[in-house]
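1. Model the following, please.
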Amino acid sequence: MSKTALLVMDLQNGIVGRVSGDEGYLPRIQGVIATARKAGIQIVYVVVKFREDFPEVSSRNKMFAMLKTGAMPFTEGNEAVEIHKDVAPQKGDIVITKRRVGAFSGSDLDTVLRALEITHLVLTGLATSGVVLSTLRLAADLDFEITVLSDCCGDRDEEVHRVLVEKVFPAQAEVMSASEWQQKQA
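-> Numbers count the residues shown, from 1 in each chain. Below you'll find the model as predicted:
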């Protein structure tokens, strides 16, 4: 069994259209997922969603407090929180629900990864400056080996994305393209 997990983070209906303007993004993710399945790599989807009335969102949380206004319907059962159909989970995949920006915060991700004896994480997701950055930082502190697939992440601000994948992430992770990673799995 592989000690690697592919994390597919925040690829939800309410996020994909707002963050990724790259038409090739979802096909690249599909290819990476297919490669992971073929290689026996565990696929873990991470989604952000909240209970009705947002009891887990403090008014002091600048990022999530706006959710209480109804501007973004990120509550359980809403179409916006569903994983995009083009990259939907299959039997054997794991879906983790988080209540914060990072995949580890407010979720049982660490427990699941340790139970599966996962030591290496391959990160993909939207947004680079959100879930990818927050997850990478904590994963590094938890001593996971980390790979970031630079073209399987995206951000509203292309310059922020570029700075993160070219200058910040390499200090804690191996950064490569989807095709480079897929070639290494063959």
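
2. can you give me the helices for the protein?
-> Ranges of helices in the chain, per DSSP state H, are 13-19, 25-39, 62-65, 109-115, 133-141, 158-163, 178-185.

3. Would you pull up how far the fifth one lies from the middle of the chain?
-> So the one you mean is helix 133-141. Relative to the chain's own centre, helix 133-141 is displaced by 12 Å; criterion: CA atoms, centre = their mean, to the nearest Å.

4. Return the alpha-carbon coordinates of it using CSV.
-> Written as CSV, here are the backbone C-alpha positions of helix 133-141 (Å, rounded to 0.1, in the frame of the first residue of the first chain):
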residue,chain,number,x,y,z
LEU,A,133,-0.9,27.5,1.8
SER,A,134,-2.6,26.7,5.2
THR,A,135,-2.5,22.9,4.6
LEU,A,136,1.2,23.0,3.5
ARG,A,137,2.3,24.9,6.5
LEU,A,138,0.7,22.6,9.0
ALA,A,139,1.6,19.5,7.1
ALA,A,140,5.2,20.5,7.2
ASP,A,141,5.0,21.1,10.9
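
5. List the buried residues of that helix.
-> Residues of helix 133-141 classed as buried by neighbour count (16 or more other CB atoms under 10 Å): 133-140. Where you see a C-beta, it was placed from the backbone N, CA and C, and this is true even at glycine.

6. same thing with the fourth one?
-> Buried residues in helix 109-115, defined by neighbour count with 16+ other CB under 10 Å: 109-110, 113.

7. what helices or strands is that helix leaning on?
-> Judged by 3 or more CB pairs under 8 Å, 6 or more residues apart in numbering; DSSP states H and E, helix 109-115 is in contact with strand 42-48, strand 94-98.

8. okay, these in a markdown table with distance to residue 171 and mean neighbour count next?
-> Shown next, in a markdown table, are the helices and strands packed on helix 109-115 (distance: least, CB to CB, whole Å; neighbours: other CB atoms under 10 Å):
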| stretch | distance to residue 171 | mean neighbour count |
| --- | --- | --- |
| strand 42-48 | 23 | 23 |
| strand 94-98 | 24 | 17 |
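
9. could I get the ones you listed as TSV with distance to residue 177?
-> Output for the helices and strands packed on helix 109-115, formatted as TSV (distance: least, CB to CB, whole Å):
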stretch	distance to residue 177
strand 42-48	19
strand 94-98	25
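
10. would CSV of these with distance to residue 56 and mean pLDDT be doable?
-> Output for the helices and strands packed on helix 109-115, formatted as CSV (distance: least, CB to CB, whole Å; pLDDT from 0 to 100):
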stretch, distance to residue 56, mean pLDDT
strand 42-48, 11, 97
strand 94-98, 10, 97
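
11. Scan this structure for its longest strand.
-> Assignment by DSSP state E gives strand 145-154 as the longest strand of the chain.

12. which ones are touching the residue nearest to residue 94 when sequence neighbours are not counted?
-> Using CB to CB, 6 or more residues apart in numbering and skipping residues adjacent in sequence, the residue nearest residue 94 is residue 44, 4.7 Å away. Residues counted as contacts of residue 44 (CB atoms under 8 Å, 6 or more residues apart in numbering) are 5-8, 93-96, 109, 112-113.
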